[in-house]
Every structure is written in C-alpha cells, then in structure tokens.
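*Asks:* Show me how the following folds:
(chains A and B)
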Amino acid sequence: QKEVEQDPGPLSVPEGAIVSLNCTYSNSAFQYFMWYRQYSRKGPELLMYTYSSGNKEDGRFTAQVDKSSKYISLFIRDSQPSDSATYLCALYTNAGKSTFGDGTTLTVKP
Amino acid sequence: DSGVTQTPKHLITATGQRVTLRCSPRSGDLSVYWYQQSLDQGLQFLIQYYNGEERAKGNILERFSAQQFPDLHSELNLSSLELGDSALYFCASSVTGQNSPLHFGNGTRLTVT
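*Replies:* From the prediction side, this is the model:
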C-alpha cells in the first residue's frame, strides 16, 4: 500500500463549479502538507503550504487538513478553464522526507 | 518562472549510452532535489543535496549518480541507459531543504531509443 493515496481522476467539471481534490495518508509522521499544480509539459508549481489541521484559504483555493483522519483536501471555488491541470499533494515529515501523490488531472470546461 | 533552470529541455539517446542533466537552482536556495516522472510512476524522488552534501536518497538506481557543485548547480548522470529510463526528470530547489517549499524547473524530457 502506498503511503499517500490521491483520488486518481480524471475530473471534468463545468466552469464555475466547486472542485474537491483529496489525498489520504497512512504515516502519522507527515506533518507538512503542500499542493502543487502542474500544467502539461511544465514543472509543478506550489499552490498551498500548511502544517496544521484546519483550513487555509488563498483566493479561490482552500487547503484543508485533518490529521486525525489522515486526510487532506484542496478546494477550488469558481473554477476556471485556466485551472485545468494536474494537481499533486505532497507530504513531508519533520525530517524532510517528502512523498508526492500520483496526481489528479482536472479539466474545467467553458 | 520558478527561477530553476534545467538543461537540456529534450534529450534523445540510445540504450547503453550515458547522459548528464544539469540544474541551476533558484538564487539563494541551498538545496537541490532530483525527481523522475513517468506516466505510470508519478513523481518519484531520486536524491537531495544540501550545500554540496548529499542529504537524502530515494529510489535512485545504481546506474544514476548526482552531485552538487560549490556554485550550487547540480548534475544528474544517467548511465547504461535502458528504454525504461525514458521519463521527465525534474530538478527542484528550496531554501533550507527541511520542509521548505520546493520550486521546480520545467524538466528535461529524456527519450531512450
């Protein structure tokens, strides 16, 4: 079993929809949580970075962490065609070990 | 633009050959990471350097090696190449190398024929 499981997708939604992207993990040593967005043929770019349970908001993006359930989510409000990309969760231990999810590909249709 | 520069962008070579991928980290970043991304494997961590020293090793094959130079740029050497080594190779850098966010380059696409 993988340490990090990410909803595989692909996900296709109409413009303006609320999108939920999710990862679960099994290793309680993971303490830092990040979401990256990757456009085709480009490197991943950091979207959100959090280290505590709860919600963190940045514009149309909200990162949610539930350490007790070992579950993290990224919500995108008012989704736009420009949000079409692959989204990767990344989890880090205090020692700096990082594990990425396999990614969820999102398509937002105009 | 992340500030991380990778060269070359594309590389086509034959099985059994050796190639070198190069990475210049973002200004001020001391740590460099190498990742391999293939269609069926996702983003796989290979190796991390911090200020010239190896800090962590992931799923890096013995045929692969890397180093970080005094000017902080890094090279990933891939030898005895096999068809299965065809992938995107990403370099990322971070300030401290300890839970600080990674900034990725746009990768080198390696095709082994």
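
*Asks:* CA atoms for contacts and neighbours, from now on please.
*Replies:* Noted.

*Asks:* Can you pull up the most central residue in chain B?
*Replies:* B:W34 (3.2 Å; CA atoms, centre = their mean).

*Asks:* wait, isn't it in contact with B:R55?
*Replies:* No: between B:W34 and B:R55 there is no contact, the gap being 11.9 Å when judged by CA atoms under 8 Å.

*Asks:* list the residues that contact both of these two?
*Replies:* B:47-48 (CA atoms under 8 Å, 6 or more residues apart in numbering or on different chains).

*Asks:* mind listing what the strand or helix carrying B:L46 pairs with, with the direction of each?
*Replies:* Taking DSSP states H and E as the criterion, B:L46 maps to strand B:42-50. If you go by DSSP bridges, strand B:42-50 pairs up with strand B:31-38 (antiparallel), strand B:53-57 (antiparallel).

*Asks:* Mind putting those strands into a markdown table with mean pLDDT and distance to B:G16?
*Replies:* Below are those laid out as a markdown table (pLDDT from 0 to 100; distance: least, CA to CA, whole Å):
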| stretch | mean pLDDT | distance to B:G16 |
| --- | --- | --- |
| strand B:31-38 | 94 | 19 |
| strand B:53-57 | 90 | 24 |
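
*Asks:* Highest mean neighbour count out of these?
*Replies:* strand B:31-38 (a mean of 24; mean count of other CA atoms under 10 Å in any protein chain shown).

*Asks:* So B:A14 versus A:K42, what's the distance?
*Replies:* Going from B:A14 to A:K42 by CA to CA, to the nearest Å gives 25 Å.

*Asks:* Kindly report the residues of chain B close to chain A.
*Replies:* Within chain B, the positions adjacent to chain A are B:2, B:41-45, B:56, B:90, B:97-99, B:101-107 by CA under 8 Å from any CA of the partner chain.

*Asks:* Whichever residue of chain B sits closest to chain A sits in which helix or strand?
*Replies:* Ranked by CA to the nearest CA, the top residue of chain B for proximity to chain A is B:N106, at 4.3 Å. Using DSSP H and E, B:N106 maps to neither a helix nor a strand.

*Asks:* What degree of burial does it show, as a neighbour count?
*Replies:* B:N106: 24 surrounding residues under other CA atoms under 10 Å in any protein chain shown.

*Asks:* and if you look at the one 4 residues further on?
*Replies:* By the other CA under 10 Å criterion, the neighbourhood of B:L110 contains 19 residues.

*Asks:* coming back round to it: pLDDT of the strand holding B:L46, averaged?
*Replies:* Across strand B:42-50, the average pLDDT comes to 90.

*Asks:* touching chain B at all, the worst-scoring helix or strand of chain A on mean pLDDT?
*Replies:* Ranked by mean pLDDT, DSSP states H and E, the weakest helix or strand in chain A is strand A:98-100, scoring a mean of 87. Yes: judged by CA under 8 Å from any CA, strand A:98-100 comes into contact with chain B through A:98-100.

*Asks:* What mean pLDDT does the next helix or strand after that strand get?
*Replies:* As assigned by DSSP H and E, the chain's next helix or strand after strand A:98-100 is strand A:104-109. On average, the pLDDT along strand A:104-109 is 96.

*Asks:* residues making contact with strand A:104-109?
*Replies:* With CA under 8 Å, 6+ apart, strand A:104-109 has contacts from A:6-15, A:21, A:79-88.

*Asks:* same thing but 10 Å
*Replies:* Identification of contacts with strand A:104-109 by CA atoms under 10 Å, 6 or more residues apart in numbering or on different chains yields A:6-17, A:19, A:21-23, A:37-39, A:79-89.

*Asks:* Cool, thanks, signing off.
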